[in-house]
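Participant: Requesting a structural model of the entry that follows:
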Amino acid sequence: MSDVQLDTAAFHRRARRLLDLVEQSDVDSVLVLQGRSDETNPYSKTIAIQMWLLGYEFPNTLILFTSDKVYIVASQKKAKILETLQGVSGGVAIEIFVHEKDASKNQEMLEKTIAVIKSCGSRVGTIAIDKPSGKLVDEWDTAFAPLKPSFSETDVGSAISDLLAVKEEGEIKYQRTAGKMCSSIIHGYFIDEMAGIFDEEKSITNDKMAERVASVLTNDKLAKKLFAGIPMLDMAEWSTHPIVQSGGHYDLSLNAENNTLQLHAGTVICTLSMRYFMYNASISRTFMIDPTPEQEKNYSFLLGLQKQALGWIKAGATMGAVFSKIVSHVNEHRPDLKENLTDDFGFVTGIEMTDDNNKISSGCTTTFKPGMVVVLRVGLKDMVNAKATDKFSKTYAYQLIDTVVVRKEASAELITTGEKEPNDVSFFFNDEDAAAAEKAPRKDSKREAKRESNGADRKPATRKSAILPSKFRSEEREEESGTRKRREHQKELLNRLLAEGRRRFAGESGDNGEETREVKKFESYKRETALPREVRGQRILVDERAESIILPIYGMAVPFHISTLKNIVKTEEGDYVYLRINLASPGQGVGKKDNLPQEDAESTFVRSLTFRSTDAVRMNEIHHSISALKRDQVKRETEKAQLADIVQQDRLVPVVGQRPARLPDVFMRPVADGKRFPAALEIHTNGLRYMAAGRSGGTTIDILFNNVRHLFFQPCDNELLVLIHVHLKNPIMMGKKKTQDIQFYREASDASFDETGNRRRRIRYGDEDEIEAEQEERRRRRQLNKEFKEFASKIADASNHEVEVDTPFREVAFNGVPSRANVLLQPTVDCLVHLSDTPFFIITVADVELVHLERVQFGLKNFDMVFVFKDFKRAPVHVNTVPMKQLDNVKEWLDSVNLAYTEGPVNLNWAPIMKTINNDPAGFFEDGGWSFLAQDSDAEDDESEEEESEFTVSEDEFEESEPESSEEESDFGTESDESEEDEDDESGEDWDELEAKAKAYDEKRTHTGEPVDRSPSKRARKR
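Facilitator: Now for the predicted structure:
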């Protein structure tokens, strides 16, 4: 116990409450005596007091509470730990007596303790239910026996129960964590495991199923999955063994045990109780497989009864009164179930799992107080199923248990969560055909909707007619004038970028665009005694809890943190299996990403260790364990890096005194809890609030005005949705994912309207009803646009126009591929957006430095856009496959928002370009900045035209070049080529004329000294 650290503040705060109890009760002192540890009774009230005061169990310790002082008798080691509680300003007075091995000295010390009791008075409070044993207990009984008749002992167990019943917020937090773990096991493991067993028709007993559930805590892989975000999992343990009941034998008492019957597909009850830092929480759920209507009716009544009881548990109500209300409710609505109710409906829980003094039972006068944590349990036992198809289904039972916290002014708060509605706990394995019939229309409707959405507003990619639209000369002159103005403006913008870049980066040095990596230090164990006992065997050990690998080196156990591992390689040679453990070290990585920083240049590093063994099974197990541990560590580090930019928002200030402005029945993207539910969006004093329903009871999403960068309203004209989109400055967490874009929308089409099967449609076959339907849809769309636009304006007004509403301009939109799909990109005043589908695409114009247009050349149908940001460390964003016919529109838009653009014929590799810029941004702008991109752009068109005019080809040179080009032609011609040659032969000169010209040409070349080549030409050989 040398590493035990006591919470001094908590001890003095709680000890003061015990001293007040002594002063206010009819006793003069309270004696708490703990003997040796008893694992068969971990929930004694004496242990509960020690855990509550000290946070640990102190065996063989005596604590005496008087009205003004605390006396403690403990061994020398324990006394040394307890000495840290003394001398606290404003705390309670403490005196410690050391219990030694010398019996005579112990007798004197115990006599002093008895004298203190005698000086306080003859009334001594004890805990009658606890029967401790041990050396200290025997010595105390021997010393106290002669004087025992002069004292009157009073049982204070009930008073201490009342004291421990009211929890502090820190204690409630522990119980909330225990409840969360119980809920995660049932809904994240048990349901899937049970359904899989029934679906695959496997055979397993109830007790074996309970053992599987119990093993979740020892399965590190499952524990990390189910309990993500819960620290110090080693402080969690089972309060009682999990209970799984099925097959007609059910025990709803608190002392229920598992049986060896087969897990039966009828009614299954799973009950879990867990404690975290010694604080308990419980949960129980009932699952129905192929239930009858009568069974569903009974379960629904029990669920409603629990909800009623939850509302009756309030501060000030007595437990007996709540019991009476529950019984009266059953007598009034379902008197036939009165005999099937459980004997009580819950109890107070805490360090003690079950408080027998404070139960929701008949005649209990305990009053609910704020801070009490209560296990609420309702159940129906010995129920009979008249329509049972087998003997195991004739008798069934239902039980619902949840742990709740009593609040001051509201109903009790649930700290155990999860589905328990009839639809959520009912499984139908014998009705597959009906389920398939229900799902089939949904698939068809989804396919139809997808087909319609893909075909909506689709325009032909190419022009059908070869006739160009006619233009007047005045229009052509205006177009040329506009193009000239745009070129001049672009030159001005590029010059401005160059000047701003030189001014911004003057005197700055580059940093390669990479973050400085720090040396991370890891500590597997604080001291040698913390190593596992298994290291004595001089074997390789994988400690998943410490995230370390312990290797035997020269007879010593040397731990290596998993972060120091680079990889592990297993090879087999002959009878031996080799494990090569490669460790990370500076200078070893191939790329800069893999290379590690070096703190001390003179340090020596171990790069690899090799072990061999003939035990192939053991080596395979070690290889698998190390690989899994490394994989989990990498995943955890990746998630941590992804959440690094999360900023904690301020608290939302609700509107007081009036109802907030609401936009009802809107859906949210991304979905908060896996399912899509409509809810209301509210405007409050400093932000928006959306109460999203879900499987876990609902999620509240708060968006503060000071975290909103852009607010978009997109009407449903030519769209399937009308929406309000919020683009945040800093991402927020939604569940386990971060998001920077949140969208609230409503579907514009009325999916519930049947255009073919209603009576009105069957009678009227004309176009009148179709026209009427179209008019109705247009009216509905106008109403939706008006409603959403007005609400967006209210948001802007509520934020004092800190947030302004922006609307996309569909008239200047163009198609492109920002991610994977070809979508419609719509400019707004400040952005370029795509909001209709996920993933959303939003680029803020103010963040963009330059736009480069790639693959702009004659003959291509598409070009690409690259957005380079002012923050050069941010990777450029690509928009691919923009139709070439929209090039002028794109240039016009870029020029209108004062964005400089350049263009080029090929795609560029932007990674090395940005790396070069980040290495020396000042030098980049001194060398001309972005001018290397502007060679083929509008800004350089005039100069390129002048350069082209300087190059001319004479007719003689052109004629001399023709034979060369003809010889370079391919030997393989097309039919059209041959036909053209035939036509030339028929209409050209005859063979005599050609022979004469050839002879004259040869004589001319002979006079000039050139050799004469009389070999036939390629075309002649081809013939």
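
Participant: got the residue ranges for the strands in the stretch 201-350 of the chain?
Facilitator: 236-245, 267-276, 279-289, 346-348 (DSSP state E, counting those that start in this stretch).

Participant: Could you list every helix and strand in contact with the very next helix or strand once past the last one?
Facilitator: It stands for strand 346-348. Counting by DSSP states H and E, the next helix or strand C-terminal to strand 346-348 is strand 373-384. For strand 373-384, the elements it packs on are helix 169-185, strand 279-289, helix 293-312, strand 346-348, strand 395-405, judged by 3 or more Cβ pairs under 8 Å, 6 or more residues apart in numbering; DSSP states H and E. Bear in mind the C-beta positions are built from the backbone N, C-alpha and C, glycine included.

Participant: Out of the strands of the stretch 201-350 of the chain, flag the one nearest S524.
Facilitator: Comparison of these against S524 by Cβ to Cβ identifies strand 236-245 as nearest, at 22.0 Å.

Participant: How far does the closest one sit from its chain's centre?
Facilitator: Relative to its chain's centre, strand 236-245 lies at 28 Å (Cα atoms, centre = their mean, to the nearest Å).

Participant: Would you mind measuring from the closest residue to I289 other than its chain neighbours to N41?
Facilitator: Once flanking residues are discounted, I289 sits nearest to A265: 4.3 Å by Cβ to Cβ, 6 or more residues apart in numbering. With distances taken as Cβ to Cβ, to the nearest Å, A265 is found 38 Å from N41.

Participant: still on that earlier bit, take the strands of the stretch 201-350 of the chain and write them to CSV, including distance to F869.
Facilitator: Listed next are the strands of the stretch 201-350 of the chain as CSV, based on distance: least, Cβ to Cβ, whole Å:
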stretch, distance to F869
strand 236-245, 47
strand 267-276, 47
strand 279-289, 50
strand 346-348, 59
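
Participant: Just send those back as TSV, with mean neighbour count, mean pLDDT and distance to N880 too.
Facilitator: What follows is these, written out as TSV (neighbours: other Cβ atoms under 10 Å; pLDDT from 0 to 100; distance: least, Cβ to Cβ, whole Å):
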stretch	mean neighbour count	mean pLDDT	distance to N880
strand 236-245	20	93	51
strand 267-276	25	94	52
strand 279-289	25	94	51
strand 346-348	26	94	63
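
Participant: name the helices or strands packed onto the biggest strand by length in the chain?
Facilitator: Longest strand in the chain, counting residues (DSSP state E): strand 721-734. Secondary-structure packing of strand 721-734 (3+ Cβ pairs under 8 Å, 6+ apart): strand 699-704, strand 708-714, strand 737-747, helix 768-798.

Participant: Kindly reformat the helices and strands packed on strand 373-384 as CSV containing distance to V137.
Facilitator: Formatted as CSV, the helices and strands packed on strand 373-384 follow (distance: least, Cβ to Cβ, whole Å):
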stretch, distance to V137
helix 169-185, 29
strand 279-289, 27
helix 293-312, 42
strand 346-348, 28
strand 395-405, 35
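
Participant: so which of those gets nearest I230?
Facilitator: Among the helices and strands packed on strand 373-384, helix 169-185 comes nearest to I230, with 6.1 Å by Cβ to Cβ.

Participant: quick one, that closest one and strand 267-276 angle?
Facilitator: 140 degrees (axes from the mean of the first three to the mean of the last three Cα atoms, to 10 degrees).

Participant: Using PDB, write down the CA coordinates of the following helix or strand past helix 169-185.
Facilitator: Going down the chain from helix 169-185, the next helix or strand is helix 191-199, by DSSP H and E. Output of helix 191-199 as PDB, limited to C-alpha atoms (Å, rounded to 0.1, in the frame of the first residue of the first chain):
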ATOM      1  CA  ILE A 191     -28.200  -8.300 -28.500                       C
ATOM      2  CA  ASP A 192     -26.000  -9.200 -31.400                       C
ATOM      3  CA  GLU A 193     -24.600 -12.300 -29.800                       C
ATOM      4  CA  MET A 194     -28.100 -13.500 -28.800                       C
ATOM      5  CA  ALA A 195     -29.600 -12.800 -32.200                       C
ATOM      6  CA  GLY A 196     -26.700 -14.500 -33.900                       C
ATOM      7  CA  ILE A 197     -27.100 -17.600 -31.800                       C
ATOM      8  CA  PHE A 198     -30.900 -17.800 -32.600                       C
ATOM      9  CA  ASP A 199     -30.400 -17.000 -36.300                       C
END
